[in-house]
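Trainee: give the three-dimensional model of this entry:
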Amino acid sequence: MKMKPEKNQVTWGITIFVLCVAVMLAYSVIFHGKTLTKSFTNIIDGLSGIIIGIVIAYILIPLLEGIEEKILYPLFKLCGKEVSVFDKKDKKARGTIRKIAVLLTMIIFLFIVYGLFRVIIPQLIDSIKEIATNLPIYIRNMDEYSNMFLSNNPDLQKIIDSQLDQYYENLSEFMTKKLLPMLPSADTMVKFASKSLLSIIGGVLDIVVGVFVAIYVLNSKERFSTIGKKMAYATFREDFANELIGGFRFANNTFESFIGGKLIDSLIIGVICYIGCAFALHIDYPVLISVIVGVTNIIPFFGPYIGGIAGALLLVLIDPIQALVFLIFVIILQQLDGNILGPRILGSSTGLSSFWVIFSITLFGKLLGIVGWLIGVPIFAVFYALIAKITNVLLEKKNLSTATQDYYDLAYIEDGEKKSLSDKNNNKFNASKEADTFNKIFNFEGIKEKLGEKRSRKEDKKSEKKDNDNA
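Mentor: Numbering: from 1, shown residues only. Next comes the predicted model:
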């Protein structure tokens, strides 16, 4: 006779197992945190090629889907073969379309990478080297400008000269001792390669593996989501599985629309900045300035200010007038981005207010550095949506409204009845507001009462006089 465990026994067994695992994890984190961190770092290093490939694929998915939906499917339809996205009989045609789309996507991606390393990066290196070489000239120009504008104020001029000397000393030390040795040249490349050959080979292998993983993920992305849905319905109840899958869809849409849209928006801003600086304003080092503006624009909220200030600080060494013109141009450019370009590309991809955007950038920037600046907003948007969803579910169970505006005038709920703040009789749970400090000092309420009493006495006298005249 087989013994079959009861449902409660299975539930208690799973609960005890999960609790034991949680206790062991907590013990390991508290007493062996450094070992766990080192082990986790080793795992990440071992999977770095896979992670690079997944990140590349995730960034390229919108491009892949755009090529399929906007070009290949309509092209097949024009050729007399209409392909359905879900019909099983069109599986072979979908596979052909996917392979062509993956090929075109990777060609575009590799072309962008080639352009980055062949055109943009060499110009950036040349610009930095030229700035480092001409730094004494730029500092002398700044000194001449300060002397010209502050000739009537020697004390202020002395302070500014001392600050410029300090600024020049710090910048010169950074450029010559830290930045220039990092820039690649023939000699440094040979020395670096001889010392770190294994690291270079490992990095190249990670990139190669990442490219192949990206191709595989792009070609089979629906298969991964299909397996995930299958596992969800096999493991959880139907209603919970539906909510879980819906949550993953929301997270994916949030990340995809925000990160993809932000990258496209920043690329467009960088290109517009280059065109304006190089051809319209004739500003020095347009490639370097445009890269600074475009890259910092990826950072939400703070990015445009960081890029504008960094570019202006660089240009003020060369020509303060150019720096002023550049600042005006960046302000106009960011108004274009914030009011026209950004909303059209990003839309309301996160649904967060400005306060929560600043909060998420600050928090995740502290935890994850530069990566946190980029992914902090969509991570917090997903967390915010999860809290809102849980809150609404709990409110619905209590038969309460889920509309936020319904709680604006709410003081408290008593026996199922809503009490409003506008009703002065509802004074429980500190609903009645005390007079603020300003009113306490100047006693406006007392003045109002005295004026009311005085007005009432005048009206009583008028009424009494009127009665006597009638008598």
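Trainee: what's next to the helix or strand where residue 321 lies, contact-wise?
Mentor: According to DSSP states H and E, residue 321 maps onto helix 320-336. Helix 320-336 is contacted by residues 142, 145, 269, 272-273, 276-277, 281, 283-284, 289, 293, 304, 307-308, 311-313, 315-316 when judged by Cβ atoms under 8 Å, 6 or more residues apart in numbering. Every C-beta, even on glycine, is put in place using the N, C-alpha and C of the backbone.
Trainee: so how far is the helix or strand following that helix from its chain's centroid?
Mentor: For helix 320-336, the succeeding helix or strand toward the C-terminus, using DSSP H and E, is helix 342-346. Relative to its chain's centre, helix 342-346 lies at 14 Å (Cα atoms, centre = their mean, to the nearest Å).
Trainee: stretch 120-129 now?
Mentor: With Cα atoms, centre = their mean, you get 28 Å for stretch 120-129.
Trainee: how about the helices of the stretch 351-471 of the chain, start to end?
Mentor: Applying DSSP state H, counting those that start in this stretch to the stretch 351-471 of the chain gives helices spanning 354-368, 370-397, 437-442, 444-470.
Trainee: okay, buried residues for the longest one please.
Mentor: Read that as helix 370-397. Buried residues in helix 370-397, counting neighbours by 16 or more other Cβ atoms under 10 Å, are found at 372, 373, 374, 376, 377, 378, 379, 380, 381, 382, 384, 385.
Trainee: dump the residue contacts of the closest residue to the first one other than its chain neighbours.
Mentor: With sequence-adjacent residues excluded and distances taken as Cβ to Cβ, 6 or more residues apart in numbering, residue 372 is closest to residue 364, at 3.4 Å. If a contact means Cβ under 8 Å, 6+ apart, then residue 364 has 372, 373, 375, 376, 379, 380 as its contacts.
Trainee: and which of these is nearest residue 76?
Mentor: residue 375 (36.2 Å; Cβ to Cβ).
Trainee: distance of that closest one from residue 405?
Mentor: According to Cβ to Cβ, to the nearest Å, residue 375 and residue 405 sit 31 Å apart.
Trainee: now swap in residue 56 and tell me
Mentor: Going from residue 56 to residue 405 by Cβ to Cβ gives 44 Å.
Trainee: the two: which has the busier surroundings?
Mentor: Remark: of residue 56 and residue 405, residue 56 carries more neighbours, 21 against 7, as counted by other Cβ atoms under 10 Å.
Trainee: which residues of the stretch 101-250 of the chain score low on pLDDT?
Mentor: For the stretch 101-250 of the chain, the stretches flagged by pLDDT under 70 are 143, 145-161, 163-200.
Trainee: residue ranges for the helices of it, please.
Mentor: Under DSSP H, counting those that start in this stretch, the stretch 101-250 of the chain gives helices at 121-133, 135-149, 154-173, 180-182, 186-195, 197-219, 221-235, 238-275.
Trainee: mind giving me the packing neighbours of the first one?
Mentor: In this case it means helix 121-133. Applying 3 or more Cβ pairs under 8 Å, 6 or more residues apart in numbering; DSSP states H and E, one finds that helix 121-133 contacts helix 180-182, helix 286-296.
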